[in-house]
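1. pasting the sequence and the predicted model now:
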Amino acid sequence: MRVYNTATRTKEEFITREPNKVAMYVCGPTVYNYIHIGNARTFLSFDVIRRYLEYRGYEVTFVQNVTDVDDKIINRANEEGRSASEVAVEYTEAFIDVMRGLNIEDPTIRPKATEEIPSMIELIEGLIGGGHAYEQDGDVYFSVRSFPSYGKLSGRDIDEMRGGERDLHGGNFEDRKQDPLDFALWKAAKPGEPSWDSPWGKGRPGWHIECSAMSSKYLGLPLDIHGGGNDLVFPHHENEVAQSEASSGNTFANYWLHGGMLLIDSEKMSKSEGNFLFARDVLESHDSNVVRLLMLQTHYRSPLDYSLDRLKEAARSYERIATAVRNLEWMASQAADPSSGPVEGDASVLVDACDTARERFIAEMDDDFNTAGALGALFSLIGDANTFMASEYGSNEMGKQALKYAANTIGELLGVLGVNLPESETDDSWPREVVELAMRVAAYVGDDTAEAVDALLATRASARAEKDWARADAVRDGLSDLGFTIEDTASGARVVYKG
Ligand code: AMP
Ligand code: ZN
């Protein structure tokens, strides 16, 4: 397996610190608002990476923090006249809801910054002791010049950074710093802010120290994988490296994986630019499987253009997959026709297509998690399955086994991408309107959509037998208006999505 490592700017062979185990850390959200779909993209990319590593047999320990103390949270709390912790709790819950709504697996451990202050203080004390940090009026700063390889992750030269930039770290430039390059590890409390006791008086941690403390506490160093969006490479991840390596003397992370930005109208989606869509709103009106497909059609490191058109296109792709699997399952469930069909060996065409698709899927994912290529393999299998179903091979016993195998293979590969198939028809995936249609044209009495579909087919069959073409057409046209078509096959008529 090869992965692109930001630290070396090359694709490298993936070798874990312990055989078959992966220690993985991905920076979590700052919970001052709902997350937008750009944030969701990054979390989704790492969910797929994790799922794929598990599929390949690794035991993955996945840690993702929640930044629940921060300037933005405090500002929001002040604006709304409530406490910072109320704001953080509300948006942490909303974040978890959206993650689950997107079928993103819960991390193994989800530490909250406010519950991890002692390990941050310990780390800061170690840095001060080692000459890498200094206290000034209740603040503590990391001394960037004390860590000679500062800049190595992002490829920056600190002497060039000194130039025009007054503050490189996102906060306000403060005279208390000995050097403008330095960044805060601990901030002295201001009135009304949440604060914790520390050797430097009351205060709160800086953002960067959180991740260093929580990742090493729960995973130990070096991490196998550290991930996040590529907007975090500098300064956040550069600072994490400096803190963790200066204090431990160990490599912080063996592989740095960074996701590309989600763009809208060619601009990065961001709350500060105001060009964002909340993920929860997108999920209100769109199936999470469709959102996942849209995102996975682009390689995780590339920028992704978000648009409604692309979402609609993804919805069509999803429908195509769902229709194929529904048809495979339906055909496989029909009794085999012993008199029909060619010799048994012909079913191997579809079995081979499945095995080839799985191999291609794995080869693409092994190449730096190329989900776009993996989806290509899946869609070509769907094409092969459709061709097979349209041929006469499907009706003998071997053919049925192959159909089942194809349906299972598609489900297996989709599952690796965290995409679920719709519930089967018996679980009421028909629209409610079929009941009304069956009442109207098939004298159906009841409230079960699957029964209604059966009643419609039975009515059509008897109407045709009686040459009552108007009645047969009423069934066909009614279903057509609802987006379905009737297919007459060797094993009887059935209703399928037009797809
Ligand atoms: P934040 O809460 O701002 O730290 O962001 C949480 C995660 O979302 C980080 O990994 C960011 O890199 C990522 N992120 C922010 N904006 C975007 C975007 N437009 N597209 C993709 N990821 C993003
Ligand atoms: Zn982080």
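-> Thanks, I have it. Numbers count the residues shown, from 1 in each chain. Ligands and ions are numbered 1, 2, ... in the order given.
2. for the closest residue to ligand 1 within the chain, which non-adjacent residue is spatially closest?
-> Residue nearest to ligand 1 within the chain: residue 229 (2.0 Å; CB to the nearest ligand atom). Using the backbone N, CA and C atoms, a C-beta is placed for each residue, glycine as well. With CB to CB, 6 or more residues apart in numbering as the criterion, residue 229 has its nearest non-adjacent residue at 4.3 Å, and that residue is residue 42.
3. ok, residue 449 next?
-> residue 430 (3.7 Å).
4. doesn't the one you found lie inside a strand?
-> No - read with DSSP: H, G, I helix; E, B strand; the rest coil, residue 430 is coil and lies in no strand.
5. for the helix or strand where residue 399 lies, buried residues please.
-> For residue 399, the element it lies in under DSSP states H and E is helix 397-416. For helix 397-416, a neighbour-count test (16 or more other CB atoms under 10 Å) marks 398-403, 405-407, 409-411, 413-414, 416 as buried.
6. next: stretch 374-389.
-> For stretch 374-389, a neighbour-count test (16+ other CB under 10 Å) marks 374, 375, 376, 377, 378, 381, 382, 384, 385, 386, 388, 389 as buried.
7. dump those into a markdown table; add distance to residue 11 and pLDDT as well.
-> Listed next are the buried residues of stretch 374-389 as a markdown table, based on distance: CB to CB, whole Å; pLDDT from 0 to 100:
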| residue | distance to residue 11 | pLDDT |
| --- | --- | --- |
| 374 | 17 | 98 |
| 375 | 20 | 98 |
| 376 | 19 | 98 |
| 377 | 20 | 98 |
| 378 | 23 | 98 |
| 381 | 26 | 98 |
| 382 | 29 | 97 |
| 384 | 30 | 95 |
| 385 | 32 | 93 |
| 386 | 35 | 91 |
| 388 | 36 | 88 |
| 389 | 39 | 85 |
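8. from those, which two are the most distant?
-> 374 and 389 (23.0 Å; CB to CB).
9. can you count the residues close to the residue of the stretch 351-499 of the chain found nearest ligand 2?
-> Distances between the stretch 351-499 of the chain and ligand 2 by CB to the ion are smallest at residue 369, namely 20.3 Å. Residues lying near residue 369 (other CB atoms under 10 Å) number 25.
10. next one: phi and psi at the residue nearest to it when sequence neighbours are not counted?
-> Once flanking residues are discounted, residue 369 sits nearest to residue 49: 5.3 Å by CB to CB, 6+ apart. Per-residue torsions, residue 49: phi -60, psi -50 (degrees, to the nearest 10).
11. surely residue 49 is in contact with residue 371?
-> No - using CB atoms under 8 Å as the test, residue 49 is too far from residue 371 to be in contact (9.4 Å).
12. quick check: neighbours shared by the two?
-> residue 300 (CB atoms under 8 Å, 6 or more residues apart in numbering).
13. pLDDT at residue 498, what is it?
-> pLDDT, residue 498: 71.
14. now do residue 348
-> You'll see residue 348 listed with a pLDDT of 87.
15. can you pull the contacts of it?
-> Taking CB under 8 Å, 6+ apart as the criterion, residue 348 is in contact with residue 402.
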